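>>> Mind looking at a prediction? Sequence and model below.
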Amino acid sequence: MKVVIVGGVAGGATAAARIRRLDEKAEIIIFEQSGYISYANCGLPYFIGGEITEPTALTLQTPQQFFNRYRIQARVHHKVTVVNTKQKTVTVVNLRTNETFEESYDKLLLSPGSKPIVPPLPGKDNPRIFTLRNVEDTFAIDGFIKENRPKRAVVIGGGFIGLETAENLKRRGVSVSLIELLPQVFVPFDYDMASFVHDTLKRNGIKLILGAGVSGFAEAADGSTEVQISGKEPLYADLVILAVGVAPDNALAESAGLKTGIKGAIQVNEKMETSVPDIYAVGDAAEIRSLITGDPALVPLAGPANKQGRIAADNICGGNSTFKGAQGSSILKLFEMTFAATGLNETAARSAGIEFDKTVTFSPSHATYYPGAGNMTVKVLFSPKASGHFKKGQILGAQIAGTAGVDKRIDVLAAAVRCGATAGDLTDWEFAYAPPYSSAKDPVNIAGYVMTNVLDGAVRQFHWYDVARLKKESDSFFIDVRTPAEYASGHIEGSLNIPVDSLRERLDEIPKGKDLCLICQSALRSYIACRILSSLGWNCSHLSGGYRFYKSATEGNAEHAARLCGECGAPL
């Protein structure tokens, strides 16, 4: 059997090694148009920032290493331009010599990855403008910085590459501005959780411009690049990173007549087979299925790409492996903070027509009496009732922001999404506990407790975007149950301050017949106050996530917050 693989990195290189382990006699050839067959593309921004100092650290395997270990022919600087499905051949160009030749195959695996989106903006070919997608791009940016010592940089795009590059340029002593067309950066997060990302950028000296599009580039009088922004004053930069997103590299799919889907991605079945026999596709260029909704999806992440490569290899070798779908688990380090998400966010759930509820909790990463505990904001989406294939309380997705312990908890919640766990399951799950690592009630347990309280009707909640509406309703009465000092540092206008520990002695100050809206800093004391007052006959609800979450969501950009609430149907 002769297997030709187009593209290395995650999917292609993984598949090649797996095929060799399954079939020692197979002839395996990888064609990679870059100079590197297997590299850590997620580590590229950290080389720019100096966190990774050795260029060789970025290359996981060289062509010689592939041949020595696996007897796989890995040919770099070779670009496959045409797939002939009838003849079962590919046309290849040696980019070093410009020689063109044909290579036959019995099985073909396409792993071309994605390509940076470069909008057709005036001046986009300016030599100070770079994209960051492969090792060559990384070395070009690093070389430019070393030679030109830029003082000002503009990063366009607030996704993973844009955010990580902004941080690493800042660490390298460059003044950084980040422009994002959307009202928020980091789209795995909902706007309210993304507000923590915005705050982190600003606290670390990144100038953040949201809801603004770049209209073009021009040469400035001082030799810098003028970055023109629609409706705003231009910025001037010595270096520009264009990171507005990626699109599947589908040129070969089109030449082969393969069926394509979202953004031209190659349609595959659960065995990673395309619409043409003996051709498989994996990675960023493949359209897969959402694990949760079952809908077609693009998930350009290294983890799913590696899994798809292994599954395709199994099936190429006569196996029967299947890819169950991806849930989009991701994590981002940004200065001192970590941000992570898995499964559906609110936007994705609404787009899929899935009914959901949500909770926001605030937990320390480990026992607070042990030094070094960091705080985490944990947002979880769940099904409020049994509906379709969802169980009541089933975990649909999660988002976490914090300084420590985020990676551990997002992985647990990712497992919960994967296995269809419910809020009740989270209360039962047992985790390793010692003061340096967790609390006896782990943050995941706490999230489960809060969700079950909501599901069981033990407490009602309202959300940050409900506050403005509730303040206009005559039946609503706001009580802030924090301490006077906390109340004085910032509060919702018109609220009455009665600390929770004094609540029972001050019941005569609370009007009868009102719907009480209770507030505290993190929604723990307000929950306790709700239980006290509801047992005494009042109708109560409390502010999900507390005042700290309300403040974060509304303080950064009230205009965008109001717009988003209008779009999602939540009154503000």
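Everything's here; your move.
>>> what bits of the chain have low per-residue confidence?
556-572 (pLDDT under 70).
>>> Tell me which residue lies nearest the centroid of it.
P188 (4.0 Å; CA atoms, centre = their mean).
>>> and the strand or helix carrying L518, what other elements does it pack with?
Using DSSP states H and E, L518 sits within strand 515-519. Strand 515-519 is packed against strand 476-480, helix 525-535, strand 539-543, helix 546-555, with contacts defined by 3 or more CB pairs under 8 Å, 6 or more residues apart in numbering; DSSP states H and E. C-beta here means a position set from N, CA and C on the backbone, and glycine is covered the same way.
>>> Now for V187: which residues touch it?
By CB atoms under 8 Å, 6 or more residues apart in numbering, V187 lies in contact with G159, T347.
>>> what do you get for L543?
Contacts of L543 by CB under 8 Å, 6+ apart are 461-464, 467, 517-520, 523, 526, 549-550.
>>> Next: I262.
I262 is in contact with E287, P296, A297, L298, counting by CB under 8 Å, 6+ apart.
>>> Next: L181.
G211, A212, G213, V244.
>>> among those, who's most crowded?
Tallying neighbours with other CB atoms under 10 Å puts V244 at the head of the contacts of L181, with 21 neighbours.
>>> now the strands: where do they sit in the stretch 1-150 of the chain?
2-6, 27-32, 38-39, 59-61, 73-76, 78-84, 89-94, 100-104, 107-110, 114-116, 129-130 (DSSP state E, counting those that start in this stretch).
>>> tell me the most buried of the ones you listed?
Among the strands of the stretch 1-150 of the chain, the stretch with the highest mean neighbour count (mean count of other CB atoms under 10 Å) is strand 107-110, at a mean of 28.
>>> same for it, what does it pack against?
Judged by 3+ CB pairs under 8 Å, 6+ apart, the packing partners of strand 107-110 are strand 2-6, strand 279-281, helix 302-316.
>>> Next, format these as CSV and append distance to T322.
Formatted as CSV, those follow (distance: least, CB to CB, whole Å):
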stretch, distance to T322
strand 2-6, 20
strand 279-281, 13
helix 302-316, 7
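>>> can you tell which of those is closest to E180?
Closest to E180 of the helices and strands packed on strand 107-110, according to CB to CB: helix 302-316, at 23.2 Å.
>>> which element follows the closest one toward the C-terminus?
Counting by DSSP H and E, what follows helix 302-316 is strand 330-334.
>>> now that next one: how far from the chain's centre is it?
7 Å (CA atoms, centre = their mean, to the nearest Å).
>>> for the helices and strands packed on strand 107-110, which one sits closest to L291?
Ranking these by distance to L291, with CB to CB as the measure, places helix 302-316 first at 9.8 Å.
>>> chain center to the closest one, what's the gap?
Worked out by CA atoms, centre = their mean, helix 302-316 lies 21 Å from the chain centre.
>>> Remind me what that helix packs against, helices and strands.
Short answer (3+ CB pairs under 8 Å, 6+ apart): helix 302-316 packs on helix 11-22, strand 107-110, strand 279-281, strand 286-289.
>>> For the second one, give me every contacting residue.
To tie it back to what came earlier, the one meant is strand 107-110. For strand 107-110, contacts defined as CB under 8 Å, 6+ apart pick out 1-7, 12, 15, 83, 88, 90, 252-253, 266, 274, 278-282, 285, 312-313, 316.
>>> mind listing what that strand pairs with, with the direction of each?
strand 2-6 (parallel), strand 279-281 (parallel) (DSSP bridges).
>>> Of the contacts of strand 107-110, grab the buried ones for PyMOL.
Here is the PyMOL command that selects the buried residues among these (16 or more other CB atoms under 10 Å):
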select buried, resi 3+4+5+6+7+12+15+83+88+90+252+253+266+274+279+280+281+282+285+312+313+316
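>>> Which single one of the contacts of I262 is nearest to T347?
Taking the contacts of I262 together and measuring to T347 by CB to CB, the closest member is A297, at 13.5 Å.
>>> Enumerate every residue touching the closest one.
Neighbours of A297 in contact, by CB under 8 Å, 6+ apart: I262, E287, I288, R289, S290, G325, A326, G328.
>>> ok, K512 to G159 distance?
Look at K512 and G159: by CB to CB, to the nearest Å, they are 52 Å apart.
>>> quick one: which of the two has more around it?
A count of neighbours by other CB under 10 Å puts G159 above the other of K512 and G159, at 19 against 7.
>>> re the thing from before, could the helices and strands packed on strand 515-519 go into JSON lines alongside distance to P120?
Compiled in JSON lines, those are given as follows (distance: least, CB to CB, whole Å):
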{"stretch": "strand 476-480", "distance to P120": "51"}
{"stretch": "helix 525-535", "distance to P120": "52"}
{"stretch": "strand 539-543", "distance to P120": "46"}
{"stretch": "helix 546-555", "distance to P120": "36"}
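>>> out of the ones you listed, nearest to I410?
Comparison of these against I410 by CB to CB identifies helix 546-555 as nearest, at 18.2 Å.
>>> So for that closest one, what gets flagged as buried?
Residues of helix 546-555 classed as buried by neighbour count (16+ other CB under 10 Å): G546, Y547, R548, F549, Y550, K551, S552, A553, T554.
>>> Would you point out the most distant pair within these?
Greatest spatial distance in these: G546 and T554, 13.0 Å, computed using CB to CB.
>>> next one: phi and psi at the nearest residue to G157 once chain neighbours are set aside?
Leaving aside its sequence neighbours, G157 sits nearest to A243 (CB to CB, 6 or more residues apart in numbering; 3.7 Å). The phi and psi values for A243, taken as degrees, to the nearest 10, are phi -130, psi 50.
>>> Quick check: A243 touching F130?
No - counting by CB atoms under 8 Å, A243 does not reach F130; the two are 9.4 Å apart.
>>> could I get the contacts of I262 as CSV with distance to I37 and secondary structure?
Listed next are the contacts of I262 as CSV, based on distance: CB to CB, whole Å; DSSP: H, G, I helix; E, B strand; the rest coil:
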residue, distance to I37, secondary structure
E287, 25, strand
P296, 30, strand
A297, 28, strand
L298, 24, coil
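>>> Just flag the most distant two among these.
Every pair of these checked by CB to CB; the farthest is P296 and L298, at 8.1 Å.
>>> And the helices in the stretch 51-200 of the chain?
Applying DSSP state H, counting those that start in this stretch to the stretch 51-200 of the chain gives helices spanning 63-70, 135-148, 160-171, 191-203.
>>> quick one, which of the ones you listed is nearest to Q228?
helix 160-171 (18.3 Å).
>>> picking up where we left off before, the strand holding L518 pairs with which strands, parallel or anti?
When pairs are called by DSSP bridges, strand 515-519 turns out to pair with strand 476-480 (parallel), strand 539-543 (parallel).
>>> quick check: angle from it to helix 525-535?
160 degrees (axes from the mean of the first three to the mean of the last three CA atoms, to 10 degrees).
>>> tell me the angle of strand 515-519 relative to helix 546-555?
Using the same axes, to 10 degrees: strand 515-519 against helix 546-555 is 90 degrees.
>>> Output strand 515-519 as PDB, nothing but the C-alphas.
Extracted C-alpha coordinates of strand 515-519, given in PDB (Å, rounded to 0.1, in the frame of the first residue of the first chain):
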ATOM      1  CA  ASP A 515     -39.900  41.300  44.600                       C
ATOM      2  CA  LEU A 516     -36.600  41.400  46.400                       C
ATOM      3  CA  CYS A 517     -33.400  41.600  44.200                       C
ATOM      4  CA  LEU A 518     -30.500  40.700  46.400                       C
ATOM      5  CA  ILE A 519     -26.900  41.500  45.700                       C
END
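>>> show me the contacts for the spatially closest residue to L208 that is not a sequence neighbour.
In space, and not counting its chain neighbours, L208 is closest to L201: 5.1 Å by CB to CB, 6+ apart. Going by CB under 8 Å, 6+ apart, L201 touches L163, A166, L178, V185, L208, L334.
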